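> Quick one: sequence plus predicted model below, questions after.
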Amino acid sequence: MNRVVTVAPNDNYILLVTLSNGMSGEFDVSPYLEKGIFQELKKQAVF
């Protein structure tokens, strides 16, 4: 099972994610910013 090794914030609410198998990619958080706990991430200082 792959695990998340690193997560780094980037501009425009994009997270750079690296997995234990060496794969990496981007996760766009912006579609979730109006939902639940993700609303707190709209504050750039928090993100």
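Arrived safely, thanks for sending. Residues are numbered from 1 along each chain as shown.
> Local confidence estimate at Ser20?
The predicted local confidence for Ser20 comes out at a pLDDT of 98.
> And it, how far from Lys35?
According to Cβ to Cβ, to the nearest Å, Ser20 and Lys35 sit 28 Å apart. No exception for glycine: its C-beta is placed from N, CA and C like everyone else's.
> Ramachandran angles for Arg3?
phi -120, psi 150 (degrees, to the nearest 10).
> count of neighbours near the nearest residue to it once chain neighbours are set aside?
On the basis of Cβ to Cβ, 6 or more residues apart in numbering, the spatially nearest residue to Arg3 that is not a chain neighbour turns out to be Ser20, at 4.5 Å. Applying other Cβ atoms under 10 Å, we find 10 other residues in the vicinity of Ser20.
> Could you do Tyr13 as well?
What Tyr13 shows, counting by other Cβ under 10 Å, is a neighbour count of 18.
> Mind listing residues that contact stretch 7-18?
4-6, 24-30, 33, 41, 47 (Cβ atoms under 8 Å, 6 or more residues apart in numbering).
> With stretch 25-34 instead?
The set of residues that contact stretch 25-34 without belonging to it, under Cβ under 8 Å, 6+ apart, is Asn10, Asn12, Tyr13, Ile14, Leu15, Leu16, Val17, Phe38, Gln39, Leu41, Lys42, Phe47.
> Give me the buried entries from these.
Tyr13, Leu15, Leu41, Phe47 (16 or more other Cβ atoms under 10 Å).
> Dump the residues you listed to JSON lines, plus pLDDT.
Listed next are the buried ones among the contacts of stretch 25-34 as JSON lines, based on pLDDT from 0 to 100:
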{"residue": "Tyr13", "pLDDT": "94"}
{"residue": "Leu15", "pLDDT": "96"}
{"residue": "Leu41", "pLDDT": "88"}
{"residue": "Phe47", "pLDDT": "84"}
